[in-house]
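Student: Structure of the sequence below:
(4 chains, ligands or ions: 4)
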Amino acid sequence: MAAPALERPTTPSGTQTVTIAKALNMGLRASLERDPKVLIMGEDVGKLGGVFRITDGLQKDFGEHRVLDTPLAESGIIGTAIGLAIRGYRPVCEIQFDGFIFPGFDQIISQLAKLHYRSQGKVKMPIVIRVPYGGGIGAVEHHSESPESLFAHIAGLKVVSCSNPVDAYWMLQQAIECDDPVLFFEPKRRYYEKAELDTSIDPLPLLSSRVARSGSAVTVAAYGPMVRTCLDAAAAASEDGLDLEVVDLRALSPLDLGPVFESVRRTGRLVLVSEAPAESSVTSEIATRVQQECFYSLEAPVLRATGFDTPYPPSKLEEGFLPDLDRVLDVVDRSLAY
Amino acid sequence: MAAPALERPTTPSGTQTVTIAKALNMGLRASLERDPKVLIMGEDVGKLGGVFRITDGLQKDFGEHRVLDTPLAESGIIGTAIGLAIRGYRPVCEIQFDGFIFPGFDQIISQLAKLHYRSQGKVKMPIVIRVPYGGGIGAVEHHSESPESLFAHIAGLKVVSCSNPVDAYWMLQQAIECDDPVLFFEPKRRYYEKAELDTSIDPLPLLSSRVARSGSAVTVAAYGPMVRTCLDAAAAASEDGLDLEVVDLRALSPLDLGPVFESVRRTGRLVLVSEAPAESSVTSEIATRVQQECFYSLEAPVLRATGFDTPYPPSKLEEGFLPDLDRVLDVVDRSLAY
Amino acid sequence: MSPEQWTSSSGEPPAKRTDLPAATAAKPTREQVIAGLRATSEGGADLVQLLTPEGQRVQHPDFDIDISPEQLRDLYRDMVLVRRADREGNALQRQGQLGIWVPLLGQEAAQIGAGRALKPQDMAFPSYREHGVAWARGIDPTELLGIFRGTDHGSWDPTSTGFHLYTIVIGNQCLNATGYAMGQRFDGKVGDPDGEATMVFFGDGATSQGDVHEAMVWSAVYDSPVVFFCQNNQWAISEPLERQTRVPLYQRASGYGFPGIRVDGNDVLASLAVSKWALDECRNGNGPVLIEAFTYRMDAHTTSDDPTRYRMTDEQEAWKLKDPIERLRVHLIREHAADQEFFDSVDAEADQLAERFREFCFTMQEPPPERIFSNVYAEESPQLAAQREEYLSYLAGFADETVAGGVR
Amino acid sequence: MSPEQWTSSSGEPPAKRTDLPAATAAKPTREQVIAGLRATSEGGADLVQLLTPEGQRVQHPDFDIDISPEQLRDLYRDMVLVRRADREGNALQRQGQLGIWVPLLGQEAAQIGAGRALKPQDMAFPSYREHGVAWARGIDPTELLGIFRGTDHGSWDPTSTGFHLYTIVIGNQCLNATGYAMGQRFDGKVGDPDGEATMVFFGDGATSQGDVHEAMVWSAVYDSPVVFFCQNNQWAISEPLERQTRVPLYQRASGYGFPGIRVDGNDVLASLAVSKWALDECRNGNGPVLIEAFTYRMDAHTTSDDPTRYRMTDEQEAWKLKDPIERLRVHLIREHAADQEFFDSVDAEADQLAERFREFCFTMQEPPPERIFSNVYAEESPQLAAQREEYLSYLAGFADETVAGGVR
Ligand SMILES: Cc1ncc(C[n+]2csc(CCOP(=O)(O)OP(=O)(O)O)c2C)c(N)n1
Ligand SMILES: Cc1ncc(C[n+]2csc(CCOP(=O)(O)OP(=O)(O)O)c2C)c(N)n1
Ligand SMILES: [Mg+2]
Ligand SMILES: [Mg+2]
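Tutor: Numbering: from 1, shown residues only, chains lettered A, B, ... in the order given. Ligands and ions are numbered 1, 2, ... in the order given. Below you'll find the predicted structure:
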């Protein structure tokens, strides 16, 4: 799977320190510049620049006809984006918060995911749905959900999540260039974490996972906001002399499990980490595939550290609900105990 | 977990041969008689008796105020049912076909699943959503979907599926008596399969799985329409001298995996069967839990025979898409090959 | 608890308070609602009609149309051919050749009028019953067969035909059409008489769906050149119109701030005239517009449906007198615009179409199994490629098998 | 491609065709739409007002109200206390005591008018900004704190208070309210002046959501006793009203066949009068009714919002002149219905409330960790019980630990 050939953006190149939020903004800007068919649509994405300011300045620079403040209706956002895509546009929809994607669910499942299939390839759906997701920000209800597994279950959708500024910048542009619908999950609690972004280095393909930290004792795989947590856990463990390998999954559907299989064949142990509840989820799928592919390599069952099978709790309780460094290491210990 | 004490219905008792469709109709009738707060709502459920005639005769006998033909809007059906439940009613909603539950998804996820939790138990949601689901009936698009995994992932919902007339009759009444929201998946392609129903025998608890056929070689677990397929496969296999154990899962969330664990500890092998695509699904969850709980008993990885990770195909292709006796046995063979 | 407690006000209606604004008088009784919606099968005072059920041409102060005898004959031909294909579809289903058929019987005038008002540059988004619109867009009826036989989901190219695929999930297409129309506007194709427009088709039942509302909100806010063409055929499967609304559907438009017009959907001239006008309004940048075509579903909802369970045949009989084809036929005769030879030639053409349609159906190829996996994505995933290969080699295993009648 | 191509018609508007019905004239320009919706910050000719911004009592031909000086003073007190709690909420957020606060500033009259029109037997379904309605339903402001501090999702009992939990997903509550109101009707509680009614609160932005439409369709079809109370505070976060509609929102009702009324939302008397009338209509079986309360969000959308990015302060200044509390205060003085002592006592009461409110916030208990697992189901699952036990014993492990500062 080759990385799509993205023209180099005309906007800032070279190395700079940016946040995930800024990298997403830069990625959107580069896409708007590269292709006049790219549109941004959503609630408050215009003058306000989105509630997280990811679209900051874009309406001012590209105009109201490229960056659209839409009526307050998510089915409307997705449903009209589909029509615009049929017309040849490449809409990038912002869903304000994870919990508000559900009014648009029907258009996503019934039309967006299926149109390419049912038209036998005659109708393409190059639509990106950006979803700031996950908890840890002390928010009220419906603002901390992790619904990615629902979309991973649906054929015809591609589901990805970035965990750092470099991926944020590249994966978003790649998603926009992709001719398939992409659900793009952004770890909102990490929006303001920084890293070096060198726009001159070739990106990985969109639908690929990568080893974020090499190690030999236990494989830990995560995505989005939990990658940072796992890297922190690995750093802490290494002080105890325990060498964890961390895989950043990046693609949640279709999954790219090659690096996970390869890692598990070396370590014999896998711990999966997600904010989302475990039940019938992406982590269930990975565990299932790993026990199939690495049956003879596993020295312990695949274990998970995830949100509990409850609704997202009031925010004063979220620290307990969300896996943290300690819970990850606790499950690592349990894996090692086999 | 005790079976809720259902009063014996005043309608037909004793043993009779009925179809699943008839058993559901009898179950609804018994519930309407038992509790004046039970309402039936949906599109065409009144005079027509539903497109599958599951509600046949009920409006005539219980009146328009108990069996409501609703406007054509699924969010409306679920959303008003929630209001009626707050008012003390126990609505039983019919979704006409699996593919049409998505316009109601937001109300299910955002309100129905969460109200008991967010009100700290002050607001109960005794709502049943009946969904005729699955393929094999030669239907057009959106009429053959298996969306159960989406609901199994959501905390606060209970998800069950019946596979035979006896369960259809009892599980539906138990679901209606349950104070939690229940997604009730009905295997529409099996609606007209018959069995003996003895209404005087005590039912199993709603949220329990059961061994449908004892065996020793490989455990095969399925639910809904695939139970029949697996039983047929087991019968065929036994002619070849292969003794399969078949578990009817019945409860998809929360799962009741005790009987599966127990079985796998004996057979060392598990094959999971569903019409639904495998990715991030209920079968993924079961495989994950089984490899955890039965790690040292498994002689082969947990394998699956499921619909492919594609949209549901045009019906002339559904025979290939849906697992059948041959595909189940093929996967059983692969399990035995380990 | 008696049904009256909620189906109509209990007992005497409360005395009308005279100190209240007239507009907010006590709600109508259920009977009044039904009467207002349907009992006048004429569609009420606001109905736009150019051809009476007796085939008489009448004038309308706002909507009229200049039309040549030749055009009239073409419209007649369209309707006869479309009806014939429809009847063959029904018959093929009865013969087990199709899994299901969705009849348009009775709605020919609404659909042909609307379809013929469309220009090549326009786009149409159908629901699932728009065989007449498909015809007008140049899609051969045989291209519909795959959907109902289960070989595909529609074989035409939506882009080149200007006719989107059928949409079954009620209401979805209204938003898709609105987005497409937004694109027409963004492309600068709106604002002059040669501009582009979009027309979207949906039923009376569909008007209850949230998506249809959102489409109306969006199209009003973005001045989208979209004509909402609602075929009110009085029934949503078994549910009569009063399960969806208290007031005639065209009135919905006033709540969104754009025009709503009720047209006689069994009058092909009126349907054509109003559709043309509405599309031109959209071209000129004055969209959106809502059209309610007041018509009747003369057959079952689909071949799986049994309408005798929920409606009276006398209703159907009354509507037969308003048959869209018959009224144009009478008109053509009355105006000496067509002779017997013409009618015979159309019938002969219908016979040919029917034969070709049936023949096509009988010889349709089954799709190959690998099609299950085709076009899930524009850029295929390795996971799916692997599933396909595995499945095909599994199938190949059967071909190799020599044991006959065995389970495996 | 210029923005004009879609935000307004390009160049000159097309010459108006004189042969077209008047109702379907060329669409208004964007400027005309905005003017019609907002430029008259008076709300337009149809606005129901009983108290001018200058505190002068005016008569309305259809809606009026008899009210005693004492009741007037009570309404004043309500508004002052509610505003004070609201301001304290804002301050507590700034001090880090709350995660977020959703201010009602400016909407006191709309909410107190509506809330005081409700009778004990009625039910109200709020959105998330209805602190004033909560107050009128007897819910102590401290009960709101848990939501914004993150300890719970609202601690009151919806059933006994007749006030449902706050609903954040825009529009959802409108359907829930409609269902509840259907239940009131099914229970035989509708049809006489002492009957029951339901009122549901939502914003101008919410009107675009499909759920709100479906609620209006359903309530019309089922004659549900529900008052749709839309607070049009001119903004949906950063989006002005013209992103949601072309026409005033109260006009939506006409498309559904029930009354829609625009009331001055900064006039507590008008809000009370119109709400009472609408609720009585519902009680009597003449529901539903839509009320658009024309008001203004004087503060940010929430404490996380920065309105300087999208709106001008002069707009806010203009609305200050219509302050709901100030106009009633002036009226009370003008009518000699209250003296300084009264105003002082209300202020003192507000100070006490503020102190109690703050005190309560400072001493709020954190919920225990097991609460994560409580009440997921009415009948708990063994799976969840196991997760809870496992988690609690995991936590207990930390308590046992003696190593300080270690990772584990
Ligand atoms: C979202 C959704 N719900 C339910 C259905 C099942 N269904 C198919 S057609 C139909 C009735 C549609 O009535 P109407 O909109 O009046 O169109 P008509 O069939 O009369 O042309 C229903 C309920 C569906 N296709 N989609
Ligand atoms: C379905 C959904 N989409 C988006 C949001 C995010 N959101 C919260 S409030 C709001 C604006 C609501 O505006 P309006 O309805 O006018 O009410 P107001 O806040 O002005 O009272 C938005 C977009 C949400 N809560 N729910
Ligand atoms: Mg219809
Ligand atoms: Mg607002």
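Student: C:T29: neighbouring residues, count only.
Tutor: 14 (other CB atoms under 10 Å in any protein chain shown). Yep, even glycine has a C-beta here, placed from its N, CA and C like the rest.
Student: now it: how far from ligand 2?
Tutor: Plainly put, C:T29 is 34 Å away from ligand 2 if you go by CB to the nearest ligand atom, to the nearest Å.
Student: Ok, A:D202 next?
Tutor: Distance from A:D202 to ligand 2, by CB to the nearest ligand atom: 37 Å.
Student: Next one: that residue from B:R90, what distance?
Tutor: 60 Å (CB to CB, to the nearest Å).
Student: Compare neighbour counts for those two and give me the winner.
Tutor: Higher neighbour count among A:D202 and B:R90: B:R90, with 22 against 8, using other CB under 10 Å.
Student: need the contact list for the more buried one.
Tutor: B:D35, B:K37, B:V38, B:L39, B:P126, B:I127, B:V128, B:I176 (CB atoms under 8 Å, 6 or more residues apart in numbering or on different chains).
Student: Okay, now the unreliable bits of the stretch 251-400 of chain C?
Tutor: C:400 (pLDDT under 70).
Student: correct me, but A:H143 touches A:F97?
Tutor: Yes: using CB atoms under 8 Å, A:H143 is in contact with A:F97, at 4.7 Å.
Student: Can you pull the domain assignment for chain A?
Tutor: A:15-198, A:210-336 (automatic domain parsing).
Student: Mean pLDDT added to those domains, as CSV?
Tutor: Listed next are the domains of chain A as CSV, based on pLDDT from 0 to 100:
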stretch, mean pLDDT
domain A:15-198, 98
domain A:210-336, 98
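Student: got the residues of the stretch 101-250 of chain A near ligand 2?
Tutor: A:P103 (CB under 6 Å from any ligand atom).
Student: how about a cut-off of 5 Å?
Tutor: Taking CB under 5 Å from any ligand atom, no part of the stretch 101-250 of chain A reaches ligand 2.
Student: Of all residues in chain C, which one is closest to chain D?
Tutor: Nearest residue of chain C to chain D (CB to the nearest CB) works out as C:G210 at 1.8 Å.
Student: Now that residue: closest residue in space that isn't a chain neighbour?
Tutor: D:G210 (1.8 Å; CB to CB, 6 or more residues apart in numbering or on different chains).
Student: ditto for A:R334
Tutor: The nearest residue in space to A:R334 (CB to CB, 6+ apart) is A:L303, at 5.9 Å.
Student: Ramachandran angles for the one you found?
Tutor: The phi/psi pair for A:L303 (degrees, to the nearest 10) reads phi -120, psi 160.
Student: That one and B:R289 touch, don't they?
Tutor: No: the criterion here is CB under 8 Å, and A:L303 misses it with B:R289 at 11.1 Å.
Student: would you turn the domains of chain A into CSV with distance to ligand 4?
Tutor: As requested, the domains of chain A are exported to CSV (distance: least, CB to the ion, whole Å):
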stretch, distance to ligand 4
domain A:15-198, 9
domain A:210-336, 24
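Student: what's the closest of those to D:V190?
Tutor: Among the domains of chain A, the nearest to D:V190 by CB to CB is domain A:15-198 (30.0 Å).
Student: so residue 80 is in which element?
Tutor: By default, I'm working from chain A. Assessed by DSSP states H and E, A:T80 sits inside helix A:74-86.
Student: actually it's chain C I care about, not the one you picked
Tutor: Using DSSP H and E, C:V80 sits within helix C:69-94.
Student: returning to that earlier point: residues contacting the residue of chain C closest to chain D?
Tutor: A:S75, A:P103, B:A73, B:S75, B:G76, B:P103, C:G171, D:Q209, D:G210, D:D211, D:H213, D:E214.
Student: what about it, distance to C:G106?
Tutor: Taking CB to CB, one finds C:G210 at 28 Å from C:G106.
Student: go on, A:P126?
Tutor: 40 Å.
Student: Ligand 1: which of the domains of chain A is closest?
Tutor: domain A:15-198 (7.5 Å; CB to the nearest ligand atom).
Student: Now find how far off-centre that closest one is within its chain.
Tutor: With CA atoms, centre = their mean, to the nearest Å as the basis, domain A:15-198 stands 10 Å off its chain's centre.
Student: Over to that domain now: how far is its first residue from its last?
Tutor: 4 Å (CA to CA, to the nearest Å).
Student: I figured C:T303 hits C:W101, correct?
Tutor: Yes: taking contacts as CB under 8 Å, C:T303 lies within contact range of C:W101: 4.7 Å.
Student: Could you find the closest non-adjacent residue to the residue in the stretch 51-200 of chain A that ligand 2 sits nearest to?
Tutor: Residue nearest to ligand 2 within the stretch 51-200 of chain A (CB to the nearest ligand atom): A:F100, separated by 3.6 Å. In space, A:F100 comes closest to A:E74 once its chain neighbours are excluded; the distance is 5.9 Å by CB to CB, 6+ apart.
Student: Could you check the pLDDT of C:G43?
Tutor: Note on C:G43: pLDDT of 76.
Student: which parts of the stretch 101-250 of chain C sit against chain D?
Tutor: The stretch 101-250 of chain C has residues C:182, C:185-188, C:190-193, C:207-214, C:217-218, C:220-223, C:242-247 near chain D, with proximity defined as CB under 8 Å from any CB of the partner chain.
Student: which among those end up buried?
Tutor: Among these, those classed as buried by neighbour count (16 or more other CB atoms under 10 Å in any protein chain shown) are C:182, C:185-186, C:188, C:190-191, C:207-214, C:217-218, C:220-223, C:242-247.
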